[in-house]
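Peer 1: 3D, please:
(2 chains)
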Amino acid sequence: MVAADSEGPEDRSFRMYRRERSIPLRGSAAALSNNLSVLQLPASDLMHFGVVHGPSAQILSSAPGGMPLAQRQLQVKVGVGVSPPLITQVHWCVLPFRVLLVLTSHRRIQMYESDGSLMVYWHALDSGDASSAQTLFARGIAASVHFICVGTWSGRILVFDIPAKGTNIVLNEELAGHQTPITDIATERAQGQDGVADMVTADDSGVLCVWRSGTVFTLLTRIPGFGVPCPSVQLWQGMVAAGYGNGQVRLYDATTGALHVQISAHARTICALDLAPEVGKLLSAAEDTFVHIWKLSRNPESGSIEVEHCHGECVSDTQLCGARFCDPSGCSFAVTGYDLAEILRFSSV
Amino acid sequence: MSVRTLPLLFLNLGGEMLYVLDQRLRAQNIPGDKARKVLNDIISTMFNRKFMEELFKPQELYSKKALRTVYDRLAHASIMRLNQASMDKLYDLMTMAFKYQVLLCPRPKDVLLVTFNHLDSIKGFIQDSPTILHQVDETFRQLTEIYGNLSAGEFQMIRQTLLIFFQDLHIRVSTFLKDKVQNSNGRFVLPVSGPVPWGTEVPGVIRIFNDKGEEVKKTGFKHGGNYVAAQKEGAFELYGDRVLKLGTNMYSANRPVETHMSATSKNLASKTQENIAPNPLAKEELNFLARLMGGMEIKKTSGPEPGFRLNLFTTDEEEEHAALSRPEELSYEVINIQATQDQQRNEELARIMGEFEITEQPEITEQSTSKGDDLLAMMDRL
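Peer 2: Numbering: from 1, shown residues only, chains lettered A, B, ... in the order given. Predicted structure coming up:
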């Protein structure tokens, strides 16, 4: 079902999207946030998708038409006679010299070569001062220059130093800035600076932290929460885009932390945000079955952030759990839904 | 993922079980006093203090297999008996109903209101038993103590944990199909109209702020849904208007409840998932069962009170047919401890069961049996 913008005096006709062929999955998608990762390899036409089913995650590659080519299932092995722990997220990290596939779960973080064929590193989560009423898990994955940052249940962020090749991955630093479980991490190369990236981290209480990467990460800004979780966050040209549990999308200035835009975007919790960096398009998907596409921009005079609604899509009777653009200019996107054993694809007409 | 999920899962599934049993007892014209006794016995077993103590300990959710074993036991806490096919159907109805309620909860926190709705109705079934009423109120208090201060983030995690438990279950329930809350493919209808959750704004508004934090512009966009503002928040106190209807009794004596057994082929993947843990149950699940059932007081059917069999279907033939035609992938594979090759595991279970002796006798128990024997006997029958 398509619910696009109607032509009216306020609306301008932006690109419209149509449904493309779905990609079947071996197992349905789990009701997690950010439950879709997409890797576009510029060299080939292939697209890789990663979806968490529960105790397993599925990695598959497809040709441009959506034809599935190869697929692989990943699990966390923890011993004989014990059921594998639940996976919380699977995500590709594009680093300067390599691409790694990171899998976070209860008790563990695992990193693989980009096709999932070989595990290159694993890290067991430290129980530290956890009480019995807390489960240990990792969640939130992003690449920052030559680091991979992973969030944990305690709010701490683990920063791993990744060599150009090989398995000599080292835990470099642990960032403190959050007191509740991390939900999502997003990064972007710092403007005008090589080898430096900015990073925004979000947690279950809605707190956002903006960092500058380096051998030591520095906390630049802290944006307070307001009582609802922030399941998904993005960073683009100094703007932080955050999706919240009450359906709001908020845009903040990353340097000052000031709130510039507040959108009552959805009627249920947002499960995923994604960005098409070439054009500044933002994708929001929520448990209310809707996907919305927004165009972000900065007013050249005032420097304030502006946003326009481009497109809305209703995926009937499906509680969405993941959404990604499939190309940097936002011409196509894909979504996953709870209990749905396929990846739905849309591309612009 | 959340270690606080089990009490909510257990109480809500238990509530749904009571709704179905109550409806079938009336439909089968079981005499009022017998029916009341059955419900009283089950409810008092469910809310037994020792049992509740075990239930409320922070722990992970166990498999559907393990949980089904507990409900089998619970359903037989009285003079009523159920055949395998009827027990299967009962469990189908319970799980699909609660899955529906969790999915449609406006806020993750509203699952607590759903639980309170179930407890309110349960209190309706036992109005003339002050002892059991007190037990239920005590559970209310415990729920409020543990869940009253949980954050929105923790409730979201509980919700996700519940949904993972219910993943890939698409059994069609006739009441749901008739009411158009479930599609013919087994998926629930998610409406895009009606009131938004308490604390959420009606979608469609974009607010722009200046650097001083003042709102300088407000525009609208076409959301695509048809939502209205929420009127009021449900009450989380012992008594009050819950506002939410999810979790209230949807069965009445006149509505026969059928389930349709055509599962989709996509269940294959979930079957693989279930089979990762080898049969018999993993050790931690055996321990969990032993602990939980150690708190259950179960009666035997000997004595002047004759037992009776409840049928979830309209005729005996239907029940028999359902037993024969249940699709493989929907079998609950209730554990048959005897069938296992692993002698050591059997001995271990016997030892675990033997450790749980009755330490206190609630006033209503007529006969006391050694808990170890009782549990082993139950296991033998599975």
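Peer 1: quick check, B:Ile42 in a strand?
Peer 2: No - using DSSP: H, G, I helix; E, B strand; the rest coil, the assignment for B:Ile42 is helix, not a strand.
Peer 1: List the residues that contact the nearest residue to B:Asp22 once chain neighbours are set aside.
Peer 2: Leaving aside its chain neighbours, B:Asp22 sits nearest to B:Leu39 (6.3 Å; criterion: CB to CB, 6 or more residues apart in numbering or on different chains). In short, each C-beta sits where N, CA and C put it, glycine included. Contacts for B:Leu39 (CB atoms under 8 Å, 6 or more residues apart in numbering or on different chains) come out as B:Leu18, B:Leu21, B:Asp22, B:Leu25, B:Phe125, B:Ile126.
Peer 1: try 7 Å this time
Peer 2: Residues near B:Leu39 by CB atoms under 7 Å, 6 or more residues apart in numbering or on different chains: B:Leu18, B:Leu21, B:Asp22, B:Phe125.
Peer 1: from the stretch 101-250 of chain B, which residue is nearest to chain A?
Peer 2: Closest residue of the stretch 101-250 of chain B to chain A, CB to the nearest CB: B:Gly153 (2.8 Å).
Peer 1: For that residue, the count of nearby residues, please.
Peer 2: Counted with other CB atoms under 10 Å in any protein chain shown, the neighbours of B:Gly153 add up to 23.
Peer 1: Does it touch A:Ala202 like I think?
Peer 2: No - with contact defined as CB atoms under 7 Å, B:Gly153 does not reach A:Ala202; the gap is 10.8 Å.
Peer 1: Spell out the residue ranges of the helices in the stretch 151-300 of chain B.
Peer 2: B:152-165, B:174-178, B:267-275, B:283-294 (DSSP state H, counting those that start in this stretch).
Peer 1: Just the mean pLDDT for the third one, thanks.
Peer 2: When pLDDT is averaged along helix B:267-275, the result is 39.
Peer 1: The first one now?
Peer 2: For helix B:152-165, the per-residue pLDDT values average out at 95.
Peer 1: Show me what it packs onto, helices and strands only.
Peer 2: helix B:6-27, helix B:84-104 (3 or more CB pairs under 7 Å, 6 or more residues apart in numbering or on different chains; DSSP states H and E).
Peer 1: got the contact list for the residue in the stretch 201-349 of chain A that chain B sits nearest to?
Peer 2: When distances are taken as CB to the nearest CB, the stretch 201-349 of chain A reaches nearest to chain B at A:Asp204, 2.8 Å away. By CB under 7 Å, 6+ apart, the contact set of A:Asp204 is A:Thr180, A:Pro181, A:Thr183, A:Pro229, B:Ser151, B:Gly153.
Peer 1: where does the chain dip in pLDDT?
Peer 2: Using chain A. A:1-15, A:81, A:191-196 (pLDDT under 70).
Peer 1: My question was about chain B, not that one.
Peer 2: Using pLDDT under 70, chain B drops low at B:252-284, B:286-287, B:290-305, B:328-382.
Peer 1: Show me where it has its strands.
Peer 2: B:80-82, B:172-173, B:193-195, B:205-209, B:215-220, B:226-228, B:259-260, B:308-310 (DSSP state E).
Peer 1: Let me have these in CSV, adding mean neighbour count and distance to chain A as columns.
Peer 2: Output for the strands of chain B, formatted as CSV (neighbours: other CB atoms under 10 Å in any protein chain shown; distance: least, CB to the nearest CB, whole Å):
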stretch, mean neighbour count, distance to chain A
strand B:80-82, 19, 29
strand B:172-173, 20, 14
strand B:193-195, 12, 9
strand B:205-209, 19, 4
strand B:215-220, 12, 7
strand B:226-228, 14, 5
strand B:259-260, 16, 17
strand B:308-310, 16, 32
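Peer 1: can you list those in TSV and add distance to A:Gly330?
Peer 2: Putting those into TSV (distance: least, CB to CB, whole Å) gives the following:
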stretch	distance to A:Gly330
strand B:80-82	56
strand B:172-173	39
strand B:193-195	29
strand B:205-209	19
strand B:215-220	22
strand B:226-228	27
strand B:259-260	42
strand B:308-310	58
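Peer 1: Would you mind saying which of the ones you listed lies nearest B:Gln142?
Peer 2: Closest to B:Gln142 of these, according to CB to CB: strand B:80-82, at 27.7 Å.
Peer 1: which residue sits closest to A:Val76, ignoring its sequence neighbours?
Peer 2: Of all residues not flanking A:Val76 in the chain, A:Ser105 sits nearest, at 4.7 Å (CB to CB, 6+ apart).
Peer 1: tell me the contacts of the nearest residue to A:Cys331 once chain neighbours are set aside?
Peer 2: Sequence neighbours aside, A:Ser348 is the residue nearest to A:Cys331 in space, at 4.9 Å (criterion: CB to CB, 6+ apart). Going by CB under 7 Å, 6+ apart, A:Ser348 touches A:Arg15, A:Met16, A:Tyr17, A:Cys331, A:Ser332.
Peer 1: List only buried entries from these.
Peer 2: Neighbour counting over those (16 or more other CB atoms under 10 Å in any protein chain shown) leaves A:Tyr17, A:Cys331, A:Ser332 as the buried ones.
Peer 1: Could you take those and lay them out as TSV, with extra columns for secondary structure and distance to B:Leu312?
Peer 2: Listed next are those as TSV, based on DSSP: H, G, I helix; E, B strand; the rest coil; distance: CB to CB, whole Å:
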residue	secondary structure	distance to B:Leu312
A:Tyr17	strand	47
A:Cys331	coil	53
A:Ser332	strand	49
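Peer 1: can you list the residues of the stretch 51-200 of chain B near chain A?
Peer 2: Within the stretch 51-200 of chain B, the positions near chain A by CB under 7 Å from any CB of the partner chain are B:58, B:103, B:151-153, B:156, B:160, B:163-164, B:167-168, B:183, B:187-190, B:192, B:196, B:199-200.
Peer 1: The residues you listed, buried ones only, as a PyMOL selection?
Peer 2: In PyMOL, a selection of the buried entries from these looks like this (16+ other CB under 10 Å):
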select buried, chain B and resi 103+151+152+153+156+160+163+164+167+168+187+188+189+190+192+196+199+200
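Peer 1: coming back round to it: tell me which two of the contacts of B:Leu39 sit farthest apart.
Peer 2: Farthest apart among the contacts of B:Leu39 by CB to CB are B:Leu21 and B:Phe125. That separation is 9.7 Å.
Peer 1: Please identify which of the two sits among more neighbours.
Peer 2: Neighbour totals were compared for B:Leu21 and B:Phe125, and B:Leu21 leads with 24 against 21 (other CB under 10 Å).
Peer 1: Name the residues linked to the residue nearest to A:Cys331 by a beta bridge.
Peer 2: A:Tyr17 (DSSP bridges).
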